[in-house]
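Trainee: give me the fold of what follows.
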Amino acid sequence: MFCVVLIVQFLWGLGLPVDEAEFYDVYGLDEELLEMVPKPVLAVLFLFPITAETEAERMLEKESVKKEPSDKVYFLKQTVGNACGTIGLLHAIGNVSSEIKLIEGSCLDRFFKSTANMDPLERADVLEKDTEMEVAHSVAATAGDTEAKNLILFQQAPNINTSVDTHFICFSCVDGELYELDGRKSQPISYGASSSSSLLQDAAKVIKAMIQKNPDSINFNVIALSRKVEGGS
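Mentor: Next up is the predicted model:
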């Protein structure tokens, strides 16, 4: 829950309207727990531990032939160390632009408009130079004091190769497909057909498989981005 509070503070400061969307902790991946998450779900964030096995799998995936993603997917590379939380949030918001109306002229509004026609590396370059987003990092981290500094969402390192223990990725449904969006990978990864109504359940299946590869770890966290509905909290 603490992480969710920081995420909301971070995005409010950048231009996400209070009444447009909200983040919710997902307390488990069983169907009855998934049903507790407010709908509609727009994106799913997943925090998991980095291990030798996950790194080996990432390198193998890099070499394999993959299906070309839809050109409607908003994707950017991670070129700043320990910024995977921010990258995950940008992937979440950037792929639901038709669902969420950002504050006109805000940092997020300007970022997505200016990078709309760029490739993933060009977008990463713009992010590296975005001082307003860096300030928002600092404000949110300060609000959480010591605990916040331990959250990878608000940690920054000068080098992408700096050693870290955990990593954030995003799952979004774009053009009828479920995509894994990981800024350390070369491109979005498709997991097949999905829809706005089944996004959470479809992402949960992929996440379960990832957790099963490291069953002894407790460093997993799932967060859903949901559209706020009239009368919602």
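
Trainee: so, low pLDDT: which residues of the protein?
Mentor: Under the criterion pLDDT under 70, the flagged ranges of the chain are 1-2, 55, 58-59, 61-66, 137-164, 230-233.

Trainee: which stretches of it form strands?
Mentor: All strands of the chain, identified by DSSP state E, fall at 21-25, 41-49, 166-174, 177-181, 189-193, 221-227.

Trainee: got a list of what the residue positioned nearest the centre of the chain touches?
Mentor: Residue closest to the mean C-alpha point of the chain, counted by Cα atoms, centre = their mean, is Gly88 at 2.3 Å. Applying Cβ atoms under 8 Å, 6 or more residues apart in numbering to Gly88 gives the contacts Leu45, Phe168, Ile169, Cys170, Leu181, Gly183. Yep, even glycine has a C-beta here, placed from its N, CA and C like the rest.

Trainee: closest one to Val222 out of these, please.
Mentor: Using Cβ to Cβ, Leu45 is the member of the contacts of Gly88 that lies nearest Val222, at 7.2 Å.

Trainee: on that earlier part again, PyMOL command for the buried members of the contacts of Gly88?
Mentor: Entered in PyMOL, the line below selects the buried ones among the contacts of Gly88, by 16 or more other Cβ atoms under 10 Å:
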select buried, resi 45+168+169+170+181+183
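
Trainee: make CSV out of the contacts of Gly88 and add distance to Gln212.
Mentor: Formatted as CSV, the contacts of Gly88 follow (distance: Cβ to Cβ, whole Å):
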residue, distance to Gln212
Leu45, 19
Phe168, 19
Ile169, 16
Cys170, 20
Leu181, 21
Gly183, 24
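
Trainee: which one of the contacts of Gly88 is nearest to Glu53?
Mentor: Distances from Glu53 to these, taken by Cβ to Cβ, are shortest for Ile169, at 15.8 Å.

Trainee: ok, now how distant is that closest one from Met36?
Mentor: Ile169 sits 22 Å away from Met36, going by Cβ to Cβ, to the nearest Å.

Trainee: quick revisit: how about the nearest residue to the residue nearest to the centre of the chain, chain neighbours excluded?
Mentor: Distances taken as Cβ to Cβ, 6 or more residues apart in numbering place Phe168 nearest to Gly88, at 4.0 Å, with adjacent residues excluded.

Trainee: Glu180 is in contact with Tyr191, isn't it?
Mentor: Yes. Using Cβ atoms under 8 Å, Glu180 and Tyr191 qualify as a contacting pair, with a distance of 6.6 Å.

Trainee: burial measure for Cys173, as a count.
Mentor: 24 (other Cβ atoms under 10 Å).

Trainee: show me what it is bridged to.
Mentor: Here Cys173 sits in beta bridges with Leu178, going by DSSP bridges.
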